[in-house]
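Chemist: Mind looking at a prediction? Sequence and model below.
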Number of protein chains: 2
Amino acid sequence: MRDHGGDLDRAIARFGGREADWIDLSTGINRRPWAMPPVSEAAWRRLPTRTDHAGLLDAARRAWGVHPGLDGIALAGAQAAIQMIPHLRPPGRALVLAPTYNEHAGSLAAQGWAVAEARDLAALAGADLAVVVNPNNPDGRRHAPGDLRALAADVGLLVVDESFGDVAPGLSLLPGGGRALVLRSFGKFWGLAGLRLGFAFGPEPLIAGLRALAGPWPVSGPAIGAGAAALADRGWAQAMRATLAGDAVRMDALAHAAGWRLVGGTGLFRLYDAGNAQEAQDRLARAHVWSRVFPDAPAWLRLGLPGPEAEWQRLETVLRIM
Amino acid sequence: MRDHGGDLDRAIARFGGREADWIDLSTGINRRPWAMPPVSEAAWRRLPTRTDHAGLLDAARRAWGVHPGLDGIALAGAQAAIQMIPHLRPPGRALVLAPTYNEHAGSLAAQGWAVAEARDLAALAGADLAVVVNPNNPDGRRHAPGDLRALAADVGLLVVDESFGDVAPGLSLLPGGGRALVLRSFGKFWGLAGLRLGFAFGPEPLIAGLRALAGPWPVSGPAIGAGAAALADRGWAQAMRATLAGDAVRMDALAHAAGWRLVGGTGLFRLYDAGNAQEAQDRLARAHVWSRVFPDAPAWLRLGLPGPEAEWQRLETVLRIM
């Protein structure tokens, strides 16, 4: 299995404590989650219907202002789309704008694609399949929608992963439509990653391909109900964007005081040059704060943002004594 | 999309009523569900860990007495395995023992396999991939484990779908191991289909293939927690098997009185020759009881079993006046 955040069990095995003792900042999952309403008994019991799916998809279209020319599908996380994309076309040459979330290259390579990394948008041209994460994880790199639309004409299939798009809505390709296959995550911004919910939007033939790969019941009943309600809660989303923007500023100040230099980030995670990131991760972990390091970039330390004030206080204390 | 049960929204569109007014007997999902415990906030919020997955898989292995030589994986329903199986091998010639659940042939054909139907086990020999559902849906046909083990040596890959295996535990290939890829459903017997949980067991290389196709987080946090607890509740399962066996006898008596002839079934559904099944379905639907008919078998009416006594009473009344 590829290296990920969200592996708190490994941290506990090495540094002790119970799950509740830890502040897990190893992911970009919002620690100020949308409040799950009670789940109806029916949502657990029965198979979701086409009507349920259609309602969820409508809520997503409205939340993100999706262009009417784009088709869409709800899936069990943006990751589910990443698993299916290699099967949309016969394996060929894929280029991934790197560094980025390693599941794109991993999933393509595992299904027979020849995968290479590119360092800028222009270098992606000519690929049978190209992947851009916008804004990017882990460094927050951003691409203008117009640049991506131009690129879509120069590759066989352009995949734009907007998993962190809810904290950078101006970057989204969804309102303008186009040829790219666009992925959205629900779990990260709404802080409900255990629910497993994500979406893909794009031209009808691509979405029809995903539909055939996903089968009739890809999303759980509770995810359909909660997802539709949360996506319709526009006030929460607007306020959360402002809160997370403030949180990012607060985190950067703490990191600066700790001697770390900001590399980039979004409202859901920050990437710092920590000199020796492994040493910083170990120190944080001894205080039961879990972070993310990257095998290929030994200086990089990625931190999600604490949620409740008590978590912020604890992080401040830990950073002060480090 | 292929024809299924579980399409109550279409019944409502045609025959009216609200969802709560209907008794949905169009599926084989147990209407006496295992009681969902409260879901922890953490299960919604965080990504499931490898430790979570391992715990769920251990519970499944114990519940079904899985041979230690078999590897296993938890997925978002047996359907998720059906979606992935076409990608385990290069497309070739697949044979499906028919009539059966139509998603097997549908999913294989959609991914480039040449699919044909066979009418008995012997006719499956020589296939690159063969599918047997045991006990079978919709007719309850059963195959001895020894016959299936022998068949596994004569085909490229044998898939045995034991989605209804919990009401016929003596048929399972899991305790004895072997070369077949065995699918299990959680949602049907435990009555929690909205949760989306199922399993596949088989030789390590096959399961490794499914693992690569499924990615790191195929199952939701609540499904992992509830699934592990429910699978460990052996007393419930034992009592439920007895209850459902009694329910099947009760249903057959009602059907007999209605002039229908039993074709076959399991403790989770019964298949009747109703003469004109479409007419019987329409009559039941006017009383807001939903059933399953089959385009290719105009006499066949499949009914799941009612749960609470009030549902039984209503069904009895409806059948009496039909």
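Modeler: Right, received. Where do you want to start?
Chemist: where in chain A is pLDDT low?
Modeler: A:1 (pLDDT under 70).
Chemist: quick one, what contacts residue A:45?
Modeler: A:221, B:29, B:33, B:191-194 (Cβ atoms under 8 Å, 6 or more residues apart in numbering or on different chains). Every residue, glycine included, has its C-beta placed from N, CA and C.
Chemist: can you confirm residue A:262 is in a strand?
Modeler: Yes. Under DSSP: H, G, I helix; E, B strand; the rest coil, residue A:262 sits within a strand.
Chemist: correct me, but it touches residue A:254?
Modeler: No. Judged on Cβ atoms under 8 Å, residue A:262 makes no contact with residue A:254 at a distance of 11.2 Å.
Chemist: So the two - more neighbours on which side?
Modeler: Legend: neighbour count by other Cβ atoms under 10 Å in any protein chain shown for residue A:262 and residue A:254, higher for residue A:254 (18 against 15).
Chemist: re earlier: now render the contacts of residue A:45 as TSV, adding secondary structure and neighbour count.
Modeler: Converted to TSV, the contacts of residue A:45 look like this (DSSP: H, G, I helix; E, B strand; the rest coil; neighbours: other Cβ atoms under 10 Å in any protein chain shown):
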residue	secondary structure	neighbour count
A:221	helix	25
B:29	coil	27
B:33	coil	22
B:191	coil	24
B:192	coil	29
B:193	helix	28
B:194	helix	30
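Chemist: Just give me the closest of the residues you listed to residue B:226.
Modeler: Among the contacts of residue A:45, residue B:192 lies closest to residue B:226 (Cβ to Cβ), at 6.9 Å.
Chemist: Distance of that closest one relative to chain A?
Modeler: For residue B:192, the distance to chain A equals 5 Å [Cβ to the nearest Cβ, to the nearest Å].
Chemist: Report the contact partners of the closest residue in space to residue A:51 that isn't next to it in sequence.
Modeler: Sequence neighbours aside, residue B:9 is the residue nearest to residue A:51 in space, at 3.9 Å (criterion: Cβ to Cβ, 6 or more residues apart in numbering or on different chains). Shown in contact with residue B:9 (Cβ under 8 Å, 6+ apart): A:49-52.
Chemist: Put the alpha carbons of the strand or helix carrying residue B:9 into CSV.
Modeler: Element membership for residue B:9 (DSSP states H and E) is helix B:8-15. Extracted in CSV, the C-alpha atoms of helix B:8-15 (Å, rounded to 0.1, in the frame of the first residue of the first chain):
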residue,chain,number,x,y,z
LEU,B,8,-39.2,1.2,-5.0
ASP,B,9,-39.0,4.7,-6.4
ARG,B,10,-40.3,3.5,-9.7
ALA,B,11,-43.1,1.6,-8.0
ILE,B,12,-44.1,4.8,-6.1
ALA,B,13,-44.0,6.8,-9.3
ARG,B,14,-46.5,4.4,-10.8
PHE,B,15,-48.7,3.3,-8.0
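Chemist: Present the contacts of residue B:9 as CSV; the columns should include distance to residue A:87 and secondary structure.
Modeler: Below are the contacts of residue B:9 laid out as CSV (distance: Cβ to Cβ, whole Å; DSSP: H, G, I helix; E, B strand; the rest coil):
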residue, distance to residue A:87, secondary structure
A:49, 26, coil
A:50, 23, helix
A:51, 28, helix
A:52, 25, helix
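Chemist: Using TSV, lay out these together with distance to residue B:268 and neighbour count.
Modeler: Formatted as TSV, the contacts of residue B:9 follow (distance: Cβ to Cβ, whole Å; neighbours: other Cβ atoms under 10 Å in any protein chain shown):
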residue	distance to residue B:268	neighbour count
A:49	20	22
A:50	23	14
A:51	24	15
A:52	23	21
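Chemist: Does residue A:159 fall in a helix, a strand, or a coil region?
Modeler: Assignment for residue A:159 (three-state DSSP): strand.
Chemist: Looks like residue A:177 contacts residue A:67 (just checking).
Modeler: Yes. Counting by Cβ under 8 Å, residue A:177 does reach residue A:67; the two are 3.2 Å apart.
Chemist: ok, these two, which is more surrounded?
Modeler: More crowded of residue A:177 and residue A:67, by other Cβ under 10 Å: residue A:177, with 17 against 14.
Chemist: ok, now which ones touch that one?
Modeler: Applying Cβ under 8 Å, 6+ apart, we find residue A:177 in contact with A:67-70.
Chemist: filter those residues to the buried ones?
Modeler: residue A:70 (16 or more other Cβ atoms under 10 Å in any protein chain shown).
Chemist: Between all of the contacts of residue A:177, which two are at the greatest distance?
Modeler: Across those (Cβ to Cβ), the longest gap, 7.4 Å, separates A:68 and A:70.
Chemist: before we move on, the earlier item: could you take the contacts of residue A:45 and lay them out as CSV, with extra columns for distance to residue B:130?
Modeler: Formatted as CSV, those follow (distance: Cβ to Cβ, whole Å):
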residue, distance to residue B:130
A:221, 33
B:29, 27
B:33, 33
B:191, 30
B:192, 30
B:193, 26
B:194, 31
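Chemist: ok so, going back, narrow the contacts of residue A:177 to those in strands?
Modeler: Judged by DSSP state E, the contacts of residue A:177 include no members of strands.
Chemist: Chain B: which of the contacts of residue A:177 is nearest?
Modeler: Distance to chain B across these (Cβ to the nearest Cβ) is lowest for residue A:70, with 19.9 Å.
Chemist: my read: that closest one touches residue A:201, true?
Modeler: Yes. Between residue A:70 and residue A:201 there is a contact under Cβ under 8 Å: 4.6 Å.
Chemist: Identify the contacts common to these two.
Modeler: With Cβ under 8 Å, 6+ apart as the test, residue A:70 and residue A:201 both reach A:174, A:182.
Chemist: in which helix or strand would I find residue A:250?
Modeler: Counting by DSSP H and E, residue A:250 is found in helix A:234-257.
Chemist: And the strands in the stretch 51-200 of chain A, which stretches?
Modeler: Taking DSSP state E, counting those that start in this stretch as the test, the strands found in the stretch 51-200 of chain A are A:71-75, A:93-97, A:114-118, A:129-133, A:157-161, A:181-185, A:198-202.
Chemist: With distance to residue B:151 as extra columns, can I get those in a markdown table?
Modeler: Formatted as a markdown table, the strands of the stretch 51-200 of chain A follow (distance: least, Cβ to Cβ, whole Å):
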| stretch | distance to residue B:151 |
| --- | --- |
| strand A:71-75 | 35 |
| strand A:93-97 | 39 |
| strand A:114-118 | 38 |
| strand A:129-133 | 39 |
| strand A:157-161 | 40 |
| strand A:181-185 | 40 |
| strand A:198-202 | 38 |
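Chemist: Please identify the deepest-packed of those strands.
Modeler: strand A:198-202 (a mean of 28; mean count of other Cβ atoms under 10 Å in any protein chain shown).
Chemist: quick one: that one to strand A:71-75, angle?
Modeler: 160 degrees (axes from the mean of the first three to the mean of the last three Cα atoms, to 10 degrees).
Chemist: helices and strands around strand A:198-202, which ones?
Modeler: strand A:71-75, helix A:78-84, strand A:181-185, helix A:204-214 (3 or more Cβ pairs under 8 Å, 6 or more residues apart in numbering or on different chains; DSSP states H and E).
Chemist: Which neighbouring elements make contact with the longest one?
Modeler: Yep, that's helix A:204-214 we're talking about. Helix A:204-214 packs on strand A:71-75, helix A:78-84, strand A:198-202, going by 3+ Cβ pairs under 8 Å, 6+ apart.
Chemist: now swap in the second one and tell me
Modeler: For helix A:78-84, the helices and strands in contact under the criterion 3+ Cβ pairs under 8 Å, 6+ apart are helix A:103-110, strand A:181-185, strand A:198-202, helix A:204-214.
Chemist: what about those, which gets the closest to residue A:162?
Modeler: strand A:181-185 (5.4 Å).
Chemist: quick one: contacts of the closest one?
Modeler: A:60, A:64, A:70, A:77-78, A:81-82, A:85, A:88, A:157-165, A:172-174, A:198-202, A:206.
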